[in-house]
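Engineer: generate coordinates for the sequence data below:
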Amino acid sequence: MGSTYVVSDVHGHLDDLREVLQHAGLVDGEDRWTGGETDLWVLGDLVDRGPDGIGVIRFVRSLQEQAPDRVRVLLGNHEALMLGYHLFPDTRFAELWLLNGGHEMDQAGLTADDVAWVRRLPAMARAGDRLLMHSDTTDYLAWGSSVDEVNATVAGLLAGDDAQEHFDVFAALTSRFDFNGTDGARVARAVLDTLGGEQIVHGHSIIGSLLDVPSAQVEGPLTYADGLVVAIDGGRYDGGPLLLVALS
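Structural biologist: This is a model prediction of the structure:
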């Protein structure tokens, strides 16, 4: 059995993603998967804010095609937002997409196959005893009491043509900070008891915001909530590092 790596919130920074994956020996200089039996999870937010979101999608999808059982992607709020604007451009998705760093180049580059791919992205996953999710929120529990139920519910909502249902998925994934504060460990334990796993790993909320420090000072992942939660978003769009984290 190989190692497991997680990365999140690439936000269009394709060169940074290539660099960290090459440094770990997971890809070569020709964008070929060299990770063997290593598992790579991308915990959402491939797009928006940075320079080349569609390039990140192309790169990650290529890796998935080369190693379909090893490279996996979760749905982030920015994928839900990109999808919502693409499908319902005359709704409030348009304003929110622009406010949240949307780029016309990314929308113009989306193919019908890309749209179908986004609609099928799972909302969460288990990797050993880790529960992987994009957002640090309990809102996932509204979609089911198991990982499979959550993913089936979200897939059903995104497969439909109801703009409000799409918006509700996006809105839930924008929630954050549910594992912070004095009650954070109890909340995290309740999520784990329901959905399984011994530790939550998430992106979405940048580590600098959790520590109240500039993102440029972030050097690695943050374990908090009595060790029950790990945050891995270094805040690349905010001047921090793109973190590729090995799960031991």
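Engineer: dihedrals phi and psi, the residue most central in space within the chain?
Structural biologist: Geometric centre of the chain, nearest residue: Gly44, 1.8 Å, by C-alpha atoms, centre = their mean. Gly44 adopts backbone torsions of phi 90, psi 170, taken as degrees, to the nearest 10.
Engineer: now do the contacts for Tyr5.
Structural biologist: Shown in contact with Tyr5 (C-beta atoms under 8 Å, 6 or more residues apart in numbering): Ala24, Leu26, Thr38, Asp39, Leu40, Trp41, Leu244, Val245, Ala246, Leu247. For the C-beta atoms, the positions are set from N, CA and C on the backbone; glycine is no exception.
Engineer: and the second one, how far is that from Ala159?
Structural biologist: Using C-beta to C-beta, to the nearest Å, we find Leu26 at a distance of 31 Å from Ala159.
Engineer: and for the third one?
Structural biologist: Using C-beta to C-beta, we find Thr38 at a distance of 31 Å from Ala159.
Engineer: which one of the two is surrounded by more residues?
Structural biologist: Thr38 (19 against 11; other C-beta atoms under 10 Å).
Engineer: which residue is the nearest non-sequential neighbour of that one?
Structural biologist: Among residues not flanking Thr38 along the chain, Gly2 sits closest, at 4.1 Å (C-beta to C-beta, 6 or more residues apart in numbering).
Engineer: and the pLDDT at that neighbour?
Structural biologist: The confidence metric pLDDT takes the value 80 at Gly2.
Engineer: quick check, it in contact with Thr34.
Structural biologist: No - look at Gly2 against Thr34 with C-beta atoms under 8 Å: they stay out of range, at 11.9 Å.
Engineer: more neighbours: those two, which one.
Structural biologist: Counted by other C-beta under 10 Å, Gly2 and Thr34 do not tie: Thr34 has more neighbours, with 16 against 11.
Engineer: contact partners for the more buried one?
Structural biologist: For Thr34, counting by C-beta under 8 Å, 6+ apart, the contacting residues are Gly25, Leu26, Val27, Asp28.
Engineer: reformat those as a markdown table; add neighbour count.
Structural biologist: As requested, the contacts of Thr34 are exported to a markdown table (neighbours: other C-beta atoms under 10 Å):
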| residue | neighbour count |
| --- | --- |
| Gly25 | 11 |
| Leu26 | 22 |
| Val27 | 25 |
| Asp28 | 11 |
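Engineer: name the nearest of those relative to Ser215.
Structural biologist: The nearest member of those to Ser215, counting by C-beta to C-beta, is Leu26 at 24.0 Å.
Engineer: hang on, Leu132 packs against Val73?
Structural biologist: No - under the criterion of C-beta under 8 Å, Leu132 is not in contact with Val73, lying 10.7 Å apart.
Engineer: redo the contacts of Thr34 as CSV? Include pLDDT, secondary structure and distance to His166.
Structural biologist: Converted to CSV, these look like this (pLDDT from 0 to 100; DSSP: H, G, I helix; E, B strand; the rest coil; distance: C-beta to C-beta, whole Å):
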residue, pLDDT, secondary structure, distance to His166
Gly25, 98, coil, 38
Leu26, 99, coil, 33
Val27, 99, strand, 33
Asp28, 98, coil, 38
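Engineer: nearest to Ala155, of those?
Structural biologist: Leu26 (27.3 Å).
Engineer: touching, that closest one and Gly35? I think so.
Structural biologist: Yes - taking C-beta under 8 Å as the definition, Leu26 is a contact partner of Gly35 at 4.0 Å.
Engineer: retrieve the pLDDT associated with the residue nearest to the centre of the chain.
Structural biologist: Gly44 is given a pLDDT of 98.
Engineer: all strands for the protein, in order.
Structural biologist: Along the chain, the stretches classed as strands by DSSP state E are 4-7, 39-42, 71-73, 124-127, 130-133, 199-202, 222-224, 229-231, 244-247.
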